[in-house]
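**Q** after the sequence you'll find the predicted model.
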There are 2 protein chains.
Amino acid sequence: MAISIKDIAKAAGVAPSTVSRALSDHPRISQETKDRINHLAKEMGYTPSLLARSLVTQDTATIGVVITMASDPFLTHLVTSIEEVAQEQGYSVLMSSSYLNPDRELELVSAFHGRRTKGIIVIGSQVDVDYLQMRDRFPLPVVLTNCRTCPYSVSTDNPAGARRAIEYLVQLGHRRIAYIANQRSYRSNLDRLTSYQQVLAACNIPVDKDLIVESDGTLQGGSAAAQTLLSCSQSPTAIFCFNDMTAIGVLGALQQAKIRVPEQMSVVGFDDIEFAAYCSPPLSTVRQPTDLMGRRLIHMLLALIQGQEDVAPEVLPAELIIRESTGSLPAPA
Amino acid sequence: MAISIKDIAKAAGVAPSTVSRALSDHPRISQETKDRINHLAKEMGYTPSLLARSLVTQDTATIGVVITMASDPFLTHLVTSIEEVAQEQGYSVLMSSSYLNPDRELELVSAFHGRRTKGIIVIGSQVDVDYLQMRDRFPLPVVLTNCRTCPYSVSTDNPAGARRAIEYLVQLGHRRIAYIANQRSYRSNLDRLTSYQQVLAACNIPVDKDLIVESDGTLQGGSAAAQTLLSCSQSPTAIFCFNDMTAIGVLGALQQAKIRVPEQMSVVGFDDIEFAAYCSPPLSTVRQPTDLMGRRLIHMLLALIQGQEDVAPEVLPAELIIRESTGSLPAPA
DNA sequence: TTGTAGGCGTTATCAT
DNA sequence: ATGATAACGCCTACAA
C-alpha cells in the first residue's frame, strides 16, 4: 500500500487536511509548515493518488484516444498531434488500440468512461452506430475522425481526395484502375470507394468487380491484395489504395513480381505518411492534413467538454501529392 | 455527474450494497433481484467508476507503458506485443510518449504511479539512473528495455548485433564506416557505439570522429545526418545507423543526392521494422526479436507484480539481415 | 436474501 | 493557521 497523506500527517504531527493544504500551496498555511511538509513528502516518497483525488474533485483532467492499430503511422501521427495540444491544456492522454475489432472498440470506450475520462477521441471508428445515439451508454463527449454524417467529427474531404486521385489516373490514360479497399466497417472507406465508382462512371469506364478487393490497411494486406489483382484474368494498369500502408505493401509485391513502377503499373496511396516520400519509388498519394486534423479533433473535444453546444463537424481539404509511383498508361504490348 | 450505484439502488428500492452484489453476481442474491438490477443498470446507462472501485480494492489491474515516440514502428510494435499478453492476463495498458525528454519520462512514470498502475514498462529510457535506485520515489515494479546493467531489463544483444553489422561491412572491404548515433542518453546507443569502435580497432581501422554523428532516430534526423556525412572532407563508403528510421532517412537523402545504394554507399539499419523490407533498396539491418521482446517484458513485469524475487535480466539474440542496401566497397575512382 | 456501517485517499466546508 | 468532519463511489464485513 503506497504512502498516503495520513502517513505524512502522522509523521509531521499535524492533521491530514493540513498536509493536503500544504501540498497544494494553500495561502493560509504558514511557510514553515509548508516547507516541513513538502520536505517530508519528498523524503517519504509520496505520490498523491489520482484515484482518490479525482473521486472527490470529480475531475480526472484526462482524455482517452482509441485507435485501430498503433502500427499505422498516420494514426500515431494523429495521436502525437492530439497529445501536444492536450498537454498544453493540462490534460493527460490515455491511448489504447482496438485492433480493427468493433467490439473491442466499444469495450475501450466503455473502459475510458469507467476511468471517467472527460472525453474520448475515436480514430478510425469501426462502429457503425453514431456515438451520439449511444449517449445513454456513453454520456461523455466522443469525437470521431472521418465520419461525415456524425455531428462531432473531423474529416478529410475523402470524396474530393479520392476523386482527384482517380481523375488524375484517368488523365494519364488508365482505364483499368483497381481499388484496394479497407474493411467495409471503416467509415472513410465508403467515401473513397464511392468517388472511385463515380469518376469511372463519369468517364464511361465500366466498373469491374474483380478490380475492387478488400484488405486491412496493413503492409502485408497490401501485398496480398496486389497479388490477387495480378492473378486477375485481366490485370489493372493502376492501383488506388485505401491508405499508404496498403500502397507500400503493393509496391513491395510489385517489386517482387518484377513489375516496374510506374512504367508498368501506377500506384496511388492515401494519407501521405512520412514513409511515402522514402519508399521506392516515392509514392504518389492523397495527403490528409494530419497535424491540423489532430489539433481540430482535440479542440473540438475540449469545446464539447466545456459544454459548448454549437459544435459543427469539420471537413479538411485533401491534396493530391504527385511523386514517382504514377505515370502514363503503358503502350499495349 | 455520472450515474452511480446509489441511483440504481433508489430506483430499485434496495440498498446500494445489494446493487453492488447483484452487479458482481454475488451468490447470495436472488436471481430475480439480479435480473431486475442488471436490467435497470443497463437501462440507466450505468458504468462503474473504476476510480472508486480501485480505491477500495487497492487494485487497478492496469500497467503503464512509456515510449519515446509513437512515430517509431519498432516501439509501437513492441507495445502491440505487450498489449496482447497484458489483455490475456486481464490487465489494461495505458500508454504515453516522452518525446525523447528525460524529464517528461520521469513525469510520465510518476503520473502512472499516481494512477496506481501495478507496474510500468519504459521502452527506450532516456533516464540514466536505474529506476531500482529510485524505489523510494517509485515504489512499484519498473521494467526497461535495453538496459543491460539493470536487473529488470529485457535487451537485444546490442553489442553482438552491432559487431556483426560492422564486421560484415569490413568484410565487404569498407574502411570508412560511419555511425549515425542516437542521443547519448539512449541506453542502447552506447552498446552499439562501443561495438563499432571495438571492431574498427580490432581491424586496425582508425576511428574518425567526423564519421560519428549524433541524430534523433527519426527519418528527418537520418536525412540530416547523412547530409552532414556527405559534406565531410572525406565521406564514408558505408553507414551504420542506430535504427531503421534513421537508415531509411539516410536512404532518402542519398537518393536525393544521386548516390546509388549499394554501389556507391552501403547502409545498415537496426531493428528490422516492417518497412525495412519495403524501402528502396530493401534495407540490410540488425533484427531485434520484437515480438519476443514484448512478451518477455510483460512477463517480467507481471512476475515482479506478483512479488517474484528471482527475476533476472534477459538478453535476446540479434540477427543480421542482409538485404540489398549493402555491397562491396566501390573501386576507387 | 438483504440492509447497515466503515473505510479506501483525497479535497472541501465548517469550525476553532 | 490549523483541526475535525463529511463526502466522492464503491466494496465488504457484520448484522438482521
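**A** It's in.
**Q** so A:Ile82 is in which element?
**A** helix A:73-88 (DSSP states H and E).
**Q** what's that helix packed up against?
**A** Where contact means 3 or more Cβ pairs under 8 Å, 6 or more residues apart in numbering or on different chains; DSSP states H and E, helix A:73-88 is packed against strand A:62-67, strand A:92-97, helix A:244-256, helix A:290-305, strand B:92-97. (Each C-beta comes from the backbone N, C-alpha and C, glycine too.)
**Q** reformat the ones you listed as TSV; add mean neighbour count.
**A** Formatted as TSV, those follow (neighbours: other Cβ atoms under 10 Å in any protein chain shown):
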stretch	mean neighbour count
strand A:62-67	26
strand A:92-97	23
helix A:244-256	26
helix A:290-305	21
strand B:92-97	24
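**Q** of the ones you listed, which is nearest B:Glu319?
**A** helix A:244-256 (20.5 Å; Cβ to Cβ).
**Q** can you tell me the closest non-neighbouring residue to the residue of chain A found nearest chain B?
**A** Residue of chain A nearest chain B, by Cβ to the nearest Cβ: A:Ser280 (2.3 Å). Spatial nearest neighbour of A:Ser280, excluding adjacent residues (Cβ to Cβ, 6 or more residues apart in numbering or on different chains): B:Ser280 at 2.3 Å.
**Q** B:Gln255 is in contact with that neighbour, correct?
**A** Yes. The criterion here is Cβ atoms under 8 Å, and B:Ser280 meets it with B:Gln255 at 7.3 Å.
**Q** what mean pLDDT does the strand or helix carrying A:Ala22 get?
**A** Here A:Ala22, judged by DSSP H and E, is contained in helix A:16-23. For helix A:16-23, the mean pLDDT works out to 97.
**Q** kindly report the same for stretch A:147-164.
**A** Here the average pLDDT along stretch A:147-164 is 94.
**Q** may I have that stretch exported as CSV, CA atoms only?
**A** What follows is stretch A:147-164, C-alpha atoms only, in CSV (Å, rounded to 0.1, in the frame of the first residue of the first chain):
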residue,chain,number,x,y,z
CYS,A,147,-17.4,10.3,-40.1
ARG,A,148,-19.1,12.9,-42.3
THR,A,149,-22.6,12.0,-41.2
CYS,A,150,-21.8,12.5,-37.5
PRO,A,151,-22.1,15.9,-35.8
TYR,A,152,-18.9,15.5,-33.8
SER,A,153,-16.4,14.6,-36.4
VAL,A,154,-13.3,15.9,-38.1
SER,A,155,-12.8,14.6,-41.6
THR,A,156,-10.5,14.9,-44.5
ASP,A,157,-12.5,15.6,-47.6
ASN,A,158,-12.3,11.9,-48.7
PRO,A,159,-14.6,12.2,-51.7
ALA,A,160,-12.7,15.1,-53.2
GLY,A,161,-9.3,13.4,-52.4
ALA,A,162,-10.3,10.1,-54.0
ARG,A,163,-11.9,11.9,-56.9
ARG,A,164,-8.7,13.8,-57.7
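**Q** what residues sit buried inside it?
**A** Applying a neighbour-count criterion of 16 or more other Cβ atoms under 10 Å in any protein chain shown, one finds A:147-148, A:150, A:152-164 buried in stretch A:147-164.
**Q** again with stretch A:51-65
**A** Those buried within stretch A:51-65 under the rule 16+ other Cβ under 10 Å are A:Leu51, A:Ala52, A:Ser54, A:Leu55, A:Thr60, A:Thr62, A:Ile63, A:Gly64, A:Val65.
**Q** distance to DNA strand D and pLDDT added to these, as a markdown table?
**A** Below are these laid out as a markdown table (distance: Cβ to the nearest atom of the strand, whole Å; pLDDT from 0 to 100):
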| residue | distance to DNA strand D | pLDDT |
| --- | --- | --- |
| A:Leu51 | 9 | 98 |
| A:Ala52 | 7 | 98 |
| A:Ser54 | 8 | 98 |
| A:Leu55 | 4 | 97 |
| A:Thr60 | 12 | 97 |
| A:Thr62 | 16 | 97 |
| A:Ile63 | 19 | 97 |
| A:Gly64 | 18 | 97 |
| A:Val65 | 23 | 97 |
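**Q** the strands in chain A, which residues?
**A** A:62-67, A:92-97, A:119-122, A:142-145, A:153-156, A:177-181, A:212-214, A:238-241, A:266-271, A:284-287, A:314-316, A:319-321 (DSSP state E).
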